[in-house]
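> Predicted coordinates and the sequence they were generated for:
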Amino acid sequence: MASTPWAYQTFRQQFGHSYAKDLETLEGRRNRVHAGPMISAIAQREAGQIGQLLRNDLEQAVFPQYPQVLQLKEQFQHQNVLGSMMSGSGPTVFALTQSRIQAEQVCETVRATIANPT
């Protein structure tokens with residue numbers, strides 16, 4: 001599957017122009033992260049909002065090259081989960097659910113839908 005060096009190199013080649021290039025921009029981004037919507041959702045224990053805010057920039061680089069990873073994320077999303085995201089540089093994809101029972105049902109459905117989801 002996607003190696004970490006490959007994922008970062010591909011992302012850098014395709015999206016390097018979006019990197020913070022000066023201290024002021026970097027500081028602004030850091031402040032937005034520390035005071036942003038995800039921190040607020042976590043502080044307020046809003047699981048649905050947390051799920052909607054999940055984000056991994058590396059998905060942009062990995063999904064076109066590894067469509068099965070995107071397919072897995074989409075299958076999770078079709079199961080009415082709170083949110084789904086690729087972990088790290090892939091290929092692990094996870095979903096947040098309301099309960100353990102829902103997680104087990106989602107897992108069973110996705111395993112039946114996708115060949116070799118592990």
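Structure received.
> per-domain residue ranges of this structure.
Taking automatic domain parsing as the domain assignment, the ranges for the chain are 21-53, 56-118.
> Could you single out the most deeply buried of those domains?
By mean neighbour count, with neighbours taken as mean count of other CB atoms under 10 Å, domain 56-118 ranks first of the domains of the chain at a mean of 16. C-beta here means a position set from N, CA and C on the backbone, and glycine is covered the same way.
> Look up phi and psi at the closest residue to Ala47 other than its chain neighbours.
The shortest distance from Ala47 to any residue other than its chain neighbours is 5.5 Å, reached at Leu82 (CB to CB, 6 or more residues apart in numbering). When quoted as degrees, to the nearest 10, the phi and psi of Leu82 stand at phi -70, psi -30.
> Verify the contact between Leu82 and Leu53 for me.
No - contact criterion CB atoms under 8 Å: Leu82 and Leu53 do not qualify, at 10.3 Å.
> Okay, the closest residue to Val93 other than its chain neighbours and Ala61: tell me how far apart.
Leaving aside its chain neighbours, Val93 sits nearest to Leu72 (4.5 Å; criterion: CB to CB, 6+ apart). Here the distance between Leu72 and Ala61 works out to 16 Å (CB to CB, to the nearest Å).
> which stretches of the protein form strands?
Assignment of strands within the chain using DSSP state E yields the ranges 83-86, 93-96.
> Nearest to Ala103, out of the ones you listed?
Set against Ala103 and scored by CB to CB, the strands of the chain come closest in strand 93-96, at 7.6 Å.
> Rounded mean pLDDT for the closest one, please.
Mean pLDDT, strand 93-96: 95.
> which helices and strands sit right next to that strand?
Helices and strands touching strand 93-96, as assessed by 3 or more CB pairs under 8 Å, 6 or more residues apart in numbering; DSSP states H and E, comprise helix 47-53, helix 67-77, strand 83-86.
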